[in-house]
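[1] This is a predicted model, with the sequence first.
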Amino acid sequence: QVQLVDSGGGLVQAGGSLRLSCVASGRTVTANDMGWFRQAPGKEREFVAAITWRSLSRDYAESVKGRFTISRDNAKNTVSLQMNSLQPEDTAVYYCAVARRLYSSATTRHVDDYIYWGQGTQVTVSS
């Protein structure tokens, strides 16, 4: 079993930055893809970014491309999301997740492909 603890959310003005972090414990997730999703009130959970196990491939939702950067540190069992130029529409609860697939060469955007989830961290962007 894997436990994920995500943190780093908060309140920021439009144009500001935040860095989210997620630490995995229980077992190593070095071989798994990892990702970030978000869910705004009244909306479904949506894909934000994903990264393969060796960081050779990254994928971003169109809405965050060029503003957000996903990275991971396998030695520390962590994944991070650097968020720049934040906008009010980025307001949501952000969740880190570990994918089922191992040693993959391409990431996945599908919620159902992720088997472990963090508890979520709130990001609020004021205008």
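    Received the coordinates, thanks. Given the structure is predicted, the values throughout are model-derived calculations rather than measurements. Residues are numbered from 1 along each chain as shown.

[2] hey, where'd the helices end up in the protein?
    Per DSSP state H, the chain has no helices. Nothing in it meets that criterion.

[3] any idea which residue sits dead centre in it?
    For the chain, the residue nearest the mean C-alpha position is residue 36 (2.0 Å; Cα atoms, centre = their mean).

[4] Report the beta-bridge partners for it.
    Residue 36 has the following beta-bridge partners by DSSP bridges: residue 49, residue 96.

[5] That one and residue 2: what is the separation?
    16 Å (Cβ to Cβ, to the nearest Å). C-beta here means a position set from N, CA and C on the backbone, and glycine is covered the same way.

[6] quick one, strands of this protein?
    Ranges of strands within the chain are 3-7, 10-13, 18-25, 32-39, 46-51, 58-60, 68-73, 78-83, 92-102, 114-117, 121-126, based on DSSP state E.

[7] What helices and strands are in contact with the fourth one?
    In other words, strand 32-39. strand 18-25, strand 46-51, strand 68-73, strand 78-83, strand 92-102 (3 or more Cβ pairs under 8 Å, 6 or more residues apart in numbering; DSSP states H and E).

[8] switch to 6 Å and redo it
    Packed against strand 32-39, as judged by 3 or more Cβ pairs under 6 Å, 6 or more residues apart in numbering; DSSP states H and E, are the following elements: strand 46-51, strand 92-102.

[9] out of those strands, nearest to residue 113?
    Comparing the helices and strands packed on strand 32-39 by their distance to residue 113 (Cβ to Cβ), the top pick is strand 92-102, with 5.3 Å.

[10] What mean pLDDT does that closest one get?
    For strand 92-102, mean pLDDT rounds to 96.

[11] Tabulate the CA atom coordinates of it in CSV.
    Provided in CSV are the C-alpha atoms of strand 92-102 (Å, rounded to 0.1, in the frame of the first residue of the first chain):
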residue,chain,number,x,y,z
ALA,A,92,-9.3,23.9,-7.1
VAL,A,93,-8.2,21.1,-4.8
TYR,A,94,-5.1,19.5,-6.2
TYR,A,95,-4.4,15.9,-5.9
CYS,A,96,-1.2,13.9,-6.6
ALA,A,97,-1.6,10.4,-7.8
VAL,A,98,0.4,7.2,-8.6
ALA,A,99,-0.4,5.3,-11.8
ARG,A,100,-0.9,1.6,-12.0
ARG,A,101,1.5,1.2,-15.0
LEU,A,102,5.2,0.4,-14.4
